[in-house]
Structures are given as C-alpha cells and as structure tokens.
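Engineer: Have a look at this prediction, sequence included:
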Amino acid sequence: MVYSTEHIADMLKSAREGKGLSQRALSEQTGVPQAHISKIENNTVDLRVSNLVKLARVLELEVVLAPRKAVPAVQSIVRDSVESNLFARGRVRRTLRELRRLQRHIAALIKLHPKVTELAEFQRHVRDLQHFLIPRHDIETIRNAEDAVKSFRDNPESLDAVRASLFQLRSLRNTLAHGLSDRETGESARPVYRLEEDDHV
C-alpha cells in the first residue's frame with residue numbers, strides 16, 4: 001500500500017470531526033497553530049513527525065510502523081473499528097446539534113434578562129462544551145440543561161433549575177477540560193510510552 005500525505009490528512013480531519021473538536025480547540029490542546037492544522041488537513045504543507053504525534057495523541061490515534069506483510073491485517077482491524085464507531089459519530093453530531101440549539105435558546109433569554117449573570121455563565125459553559133467529546137453517560141447533563149432553560153423561560157422568577165444545571169455544566173466542563181474522566185473508554189488519555197522523535201526531521 002502507498003501511504004500518501006493526503007490519506008493521513010483525511011484521517012486526521014476525520015478523527016478531529018469525530019471527536020467534535022474544532023480546529024481551534026485542537027490547536028489549544030496540542031500547541032499546533034490553528035492555521036497550520038488547517039494546512040495539514042488540506043494537505044498543503046509537509047507534516048512533521050513531531051506535529052503528527054501531537055495531533056495523534058489528542059485525537060486518540062497512534063502512529064505505527066507496521067511490517068509490510070502485516071498491513072492487510074492492520075487495515076482490516078482499522079476498517080472494523082471505524083465501522084463500529086459510525087454509530088458513536090452519529091451520537092456526537094446529535095449532541096453537538098443539541099448544544100448549539102441550547103446556545104441559541106440561552107442567547108434569546110439573555111436578551112430578555114441581561115442582568116441575570118447566571119445565564120451568561122451558563123452560555124459560556126455550553127459554548128465550551130461544544131469543543132469536547134461528551135461521554136455517553138454525561139449527555140443527560142445536556143438534556144437537564146435544556147430543561148432548566150425551559151423552566152426559566154416559563155418562570156423567570158425562579159433560577160433554582162438554572163443554578164442546579166449550571167453547577168453540573170461547570171463540573172462537566174472542568175472534568176473534560178482537565179482530562180479527569182475517561183470512564184467511557186476505560187483507558188488513559190495518555191499513552192504509556194513516549195515516541196522520541198528527532199527535532200531536526
């Protein structure tokens with residue numbers, strides 16, 4: 001098999017989108033400039049090994065050199081894995097749509113109630129969560145947030161539901177931002193080894 005940089009660029013872009021990350025969010029997590037990530041994904045720049053490793057780690061990919069005879073077996077395993085993740089990617093897209101819809105509802109409420117500071121903080125956390133892959137067991141937090149927004153819309157005198165949901169959103173956002181939870185995969189976000197690359201490559 002001939003490995004082209006275009007194939008690698010497509011895999012990186014697909015993995016980023018599958019995790020629900022924007023190029024900016026990926027840049028913040030890897031230290032690779034957003035403009036450079038854009039060029040990598042469009043295959044308009046040579047990809048350094050050091051940058052490839054940084055991006056791969058955040059996107060939960062591994063850079064592997066396999067013996068040529070083993071390539072068909074590796075391809076088969078990767079293909080099966082990708083197919084099994086199609087359902088998960090659909091869930092990611094649905095969750096992102098829910099977050100964006102929630103963002104619009106909150107923005108409308110802020111215009112009606114600009115002095116309610118809880119709504120502005122609520123909006124910030126919902127916006128931040130759009131940059132993360134929300135684990136399946138935490139999606140209920142997003143749905144509770146939508147219920148809280150509806151509750152406030154129906155009864156602006158009561159902020160109880162908004163405050164309770166705000167605490168949950170803040171906790172979820174902090175957990176995801178600091179990588180404290182990998183309950184869905186049961187794996188560490190950091191590989192147990194470190195690939196030492198030559199900085200002059």
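Structural biologist: Great, that's in hand. Numbering: from 1, shown residues only.

Engineer: The strand or helix carrying F122 packs against which elements?
Structural biologist: Assigned by DSSP states H and E, F122 belongs to helix 117-129. In terms of contacts (3 or more CB pairs under 8 Å, 6 or more residues apart in numbering; DSSP states H and E), helix 117-129 is packed against helix 86-112, helix 139-154, helix 160-177. All C-beta atoms are positioned from the backbone trio N, CA, C, and that covers glycine.

Engineer: Reformat these as JSON lines; add mean neighbour count and distance to L12.
Structural biologist: Below are these laid out as JSON lines (neighbours: other CB atoms under 10 Å; distance: least, CB to CB, whole Å):
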{"stretch": "helix 86-112", "mean neighbour count": "15", "distance to L12": "15"}
{"stretch": "helix 139-154", "mean neighbour count": "17", "distance to L12": "26"}
{"stretch": "helix 160-177", "mean neighbour count": "17", "distance to L12": "21"}
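
Engineer: Which one of those helices has the poorest average confidence?
Structural biologist: Ranked by mean pLDDT, those end with helix 86-112 at the bottom, a mean of 83.

Engineer: and it, how far out from the chain's middle?
Structural biologist: Using CA atoms, centre = their mean, to the nearest Å, the mean C-alpha position of helix 86-112 is found 14 Å from that of the whole chain.

Engineer: Mind listing what's buried along the host helix or strand of R16?
Structural biologist: Assessed by DSSP H and E, R16 sits inside helix 5-18. Neighbour-count burial for helix 5-18 flags I8, A9, L12, K13, A15, R16, E17, G18 (criterion: 16 or more other CB atoms under 10 Å).

Engineer: one step back: could you write out the alpha-carbon coordinates of the helix holding F122 in PDB?
Structural biologist: What follows is helix 117-129, C-alpha atoms only, in PDB (Å, rounded to 0.1, in the frame of the first residue of the first chain):
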ATOM      1  CA  THR A 117     -25.500  36.700  35.400                       C
ATOM      2  CA  GLU A 118     -26.200  33.000  35.800                       C
ATOM      3  CA  LEU A 119     -27.400  32.900  32.200                       C
ATOM      4  CA  ALA A 120     -24.100  34.400  30.800                       C
ATOM      5  CA  GLU A 121     -22.100  31.800  32.700                       C
ATOM      6  CA  PHE A 122     -24.500  29.100  31.600                       C
ATOM      7  CA  GLN A 123     -23.900  30.300  28.000                       C
ATOM      8  CA  ARG A 124     -20.100  30.200  28.400                       C
ATOM      9  CA  HIS A 125     -20.100  26.600  29.600                       C
ATOM     10  CA  VAL A 126     -22.400  25.400  26.900                       C
ATOM     11  CA  ARG A 127     -20.100  27.100  24.300                       C
ATOM     12  CA  ASP A 128     -17.000  25.500  25.800                       C
ATOM     13  CA  LEU A 129     -18.700  22.100  25.800                       C
END
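
Engineer: Done for today, thanks.
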